[in-house]
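Chemist: just coords:
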């Protein structure tokens, strides 16, 4: 079948919705019927399902992935004169949450293959901050970029050695695993986003926090609802915020979670086909042994990135360049940089990485058209 006239979406939410549309419609109608739009029964049901999926003891849903990070830092007591170590090669939300707490972000370089925080660079930065002795190292936020979970065994060792809170930003890796253990259980706190384009996405904004710590869970639940207590919303025990997940979005996620394992399997097969076809023409991602990626994106590297993107666009194939300007070069965060020697890998990746269409419903023939077009570009531009 010819695919020349087929529109290729970068992320195909319509195809995802089609087979479960009637189930989602019923779930939404149930919410409209009972009228409990805020903290309705579907919210508690979703949290229980997510706990079963990840094996995390506590799951607290919230209004967005950004708020999940902010709530986690607040629950950890992060504030003025505290340092939070984060990668620069990530979305602004990671740094936003740190700065909004009044803390200082220190940027760490990333691995050129998996794109995640490098443990030895983190260790060097912690030592440097401790030596200066003006700011207090307090937390680490590791971002699981493009779907691959970070090296949490090493990061946990570092966090424990220095008494730091370890937060996993799993907005892109939710559904992935390390040695059979799902994302959500590898750090003190794990956050995720249910933004529509994420591996598990709702039809609006949403997020969640995962932890095994009872005290942390209680504090997060309190903060997300204006600092209330178990005595009621008019008994405020701390400064809080309005960060609850809407009941309708919880209803949507309940149905989408049912098909999520099958979608993760499809993403894995699509990633394997991309790697098999493209490994000889571009740098393809490499997943460490024992790790399963959620494949939020399929991201390749080439020194001819911009030219390739333009070529694919001419052939009606969408691409995406994520984070072309790393956070340490962004105006609001330039004062946060506290690294010596710069971030050479981050700078390089921002100029060479590009992402291809990736979603569970990407047809084989459409994927073949994408990979053939990429090969054609390099054949035409061979030196």
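Modeler: Structure received. Model, not experiment: these values are computed from the prediction. Residues are numbered from 1 along each chain as shown.
Chemist: List the buried residues in the top strand by length along the chain.
Modeler: The longest strand of the chain (DSSP state E) is strand 136-143. Using 16 or more other C-beta atoms under 10 Å as the test for burial, strand 136-143 gives 137-143. C-beta coordinates here come from the backbone N, C-alpha and C atoms, glycine included.
Chemist: so what's residue 4 scoring on pLDDT?
Modeler: Listed pLDDT for residue 4 reads 60.
Chemist: Skipping adjacent residues, who's closest to the residue nearest the centre of the chain in space?
Modeler: For the chain, the residue nearest the mean C-alpha position is residue 171 (2.1 Å; C-alpha atoms, centre = their mean). The spatially closest residue to residue 171, leaving aside those adjacent along the chain, is residue 193, at 3.9 Å (C-beta to C-beta, 6 or more residues apart in numbering).
Chemist: Please report the distance of that neighbour from residue 145.
Modeler: Distance from residue 193 to residue 145, counting by C-beta to C-beta, to the nearest Å: 13 Å.
Chemist: same question, residue 239
Modeler: Applying C-beta to C-beta to residue 239 and residue 145 gives a distance of 32 Å.
Chemist: again, but for residue 379
Modeler: 30 Å.
Chemist: neighbour count winner among those two?
Modeler: The neighbour comparison of residue 379 against residue 145 (other C-beta atoms under 10 Å) goes to residue 145, with 30 against 9.
Chemist: Flag every buried residue along the helix or strand hosting residue 369.
Modeler: For residue 369, the host element (DSSP states H and E) is helix 364-380. Residues 366-367, 369-371, 373-374, 377-378 are the ones in helix 364-380 that count as buried (16+ other C-beta under 10 Å).
Chemist: Please apply the same query to stretch 347-357.
Modeler: Buried residues in stretch 347-357, defined by neighbour count with 16+ other C-beta under 10 Å: 347, 349-350, 352-357.
Chemist: In terms of distance to residue 132, which of those residues ranks first?
Modeler: residue 347 (24.0 Å; C-beta to C-beta).
Chemist: circling back: buried ones in the next helix or strand after the longest strand of the chain?
Modeler: Later in the chain than strand 136-143, the nearest helix or strand by DSSP H and E is helix 152-162. Buried residues in helix 152-162, defined by neighbour count with 16+ other C-beta under 10 Å: 152, 155-156, 158-159, 162.
Chemist: For residue 189, state which of the residues you listed is nearest.
Modeler: For the buried residues of helix 152-162, the minimum distance to residue 189 (C-beta to C-beta) is 11.1 Å, reached by residue 159.
Chemist: care to break the protein down by domain?
Modeler: Following automatic domain parsing, the chain resolves into domains at 16-108+115-253, 260-380.
Chemist: Just say which of those domains is most tucked in.
Modeler: domain 16-108+115-253 (a mean of 20; mean count of other C-beta atoms under 10 Å).
Chemist: What are the boundaries of the strands in the stretch 151-300 of the chain?
Modeler: For the stretch 151-300 of the chain, the strands defined by DSSP state E, counting those that start in this stretch cover 165-169, 177-178, 181-182, 189-193, 207-211, 228-229, 232-236, 291-292, 298-301.
Chemist: Same list, these, but as CSV with mean pLDDT and distance to residue 221 please.
Modeler: Output for the strands of the stretch 151-300 of the chain, formatted as CSV (pLDDT from 0 to 100; distance: least, C-beta to C-beta, whole Å):
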stretch, mean pLDDT, distance to residue 221
strand 165-169, 98, 17
strand 177-178, 97, 26
strand 181-182, 96, 22
strand 189-193, 98, 13
strand 207-211, 98, 9
strand 228-229, 78, 9
strand 232-236, 77, 12
strand 291-292, 97, 30
strand 298-301, 97, 35
